[in-house]
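Enquirer: Based on what follows, work out the 3D shape:
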Amino acid sequence: MQDRALRLPDASEIAAINARHFADTPLRPADLLFVFGTRIDEALRAETAARLWQQGYFRHAIVSGGITPGGDLSECTLIKAAMVQCGVPADHILEEDRAMNTGENVLFSLPVIDGALGIGNVRSMICLGNSWTARRYAMTVQRHWPEVEKMLLTVDGFGVPRHLWHTHPEFRRRVLSEWDKIESYTAKGFIAEWP
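Expert: Model (predicted):
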């Protein structure tokens, strides 16, 4: 049986993904930047967070991500260190270093946020993560924390414009794999419709 993520999408599927899956939103200053962990492009994620900090887009950040197979340090540790090196003050970055998936990123981060800032004091957040995972970040937050206003900014290091994702084999595989998860994850209650 062929892996569905290896298919070549037709023009209508490409258009649907471009319109619905890639969901960057207009940004405005937020109470919190939620940096979702990654095994790749850590520097790009940290540089983007630092640019947002320098432009005044957040007051506090949380970095969430555990130790992945084959690693010695958590995604949280690596990304936070890179953010600090890029100029984000360490005392403005909260840490969650156990999560192994997007759901755990949110579930394990909520008590950390509450303990440090008070959940009720966080009214808006920017979700920062991989472009191919796109709206699933905000959909996961929507499932577990619907009250907070969610904005989304995604990044990738594939070197092709995002609307041409289907022309890069690995970018295409990642996007299609994520796109195919949305319906089943919604049905299982892992994520909730957003916006």
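Enquirer: residue ranges for the strands of this protein, please.
Expert: 30-36, 58-64, 93-96, 124-130, 149-155 (DSSP state E).
Enquirer: so which of the ones you listed is the most packed in?
Expert: The highest average neighbour count among these, using mean count of other CB atoms under 10 Å, belongs to strand 30-36 at a mean of 25. In this view, the C-beta of every residue, glycine as well, is placed from N, C-alpha and C.
Enquirer: roughly how far out does that strand sit from the chain middle?
Expert: 10 Å (CA atoms, centre = their mean, to the nearest Å).
Enquirer: ok, Glu170 to Ile40 distance?
Expert: 10 Å (CB to CB, to the nearest Å).
Enquirer: Ok, Glu178 next?
Expert: 14 Å.
Enquirer: Neighbour count: those two, which is higher?
Expert: Comparing Glu178 with Ile40 by other CB atoms under 10 Å, the one with more neighbours is Glu178, at 20 against 11.
Enquirer: Test my guess that that one contacts His21.
Expert: Yes - contact criterion CB atoms under 8 Å: Glu178 and His21 qualify, at 7.3 Å.
Enquirer: which neighbours do the two share?
Expert: Common contacts of Glu178 and His21 (CB atoms under 8 Å, 6 or more residues apart in numbering): Ala134.
Enquirer: what is the residue nearest to Gly129 when sequence neighbours are not counted paired to in the beta sheet?
Expert: Nearest residue to Gly129, sequence neighbours excluded (CB to CB, 6 or more residues apart in numbering): Phe36, at 3.9 Å. Under DSSP bridges, the beta-bridge partners of Phe36 are Ser64.
Enquirer: quick revisit: any chance of the strands of the chain in TSV, plus distance to Ser74 and mean pLDDT?
Expert: Formatted as TSV, the strands of the chain follow (distance: least, CB to CB, whole Å; pLDDT from 0 to 100):
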stretch	distance to Ser74	mean pLDDT
strand 30-36	12	98
strand 58-64	9	98
strand 93-96	8	98
strand 124-130	16	96
strand 149-155	20	95
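Enquirer: With distance to Ala46 as added columns, please give those in CSV.
Expert: Putting the strands of the chain into CSV (distance: least, CB to CB, whole Å) gives the following:
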stretch, distance to Ala46
strand 30-36, 8
strand 58-64, 9
strand 93-96, 10
strand 124-130, 10
strand 149-155, 10
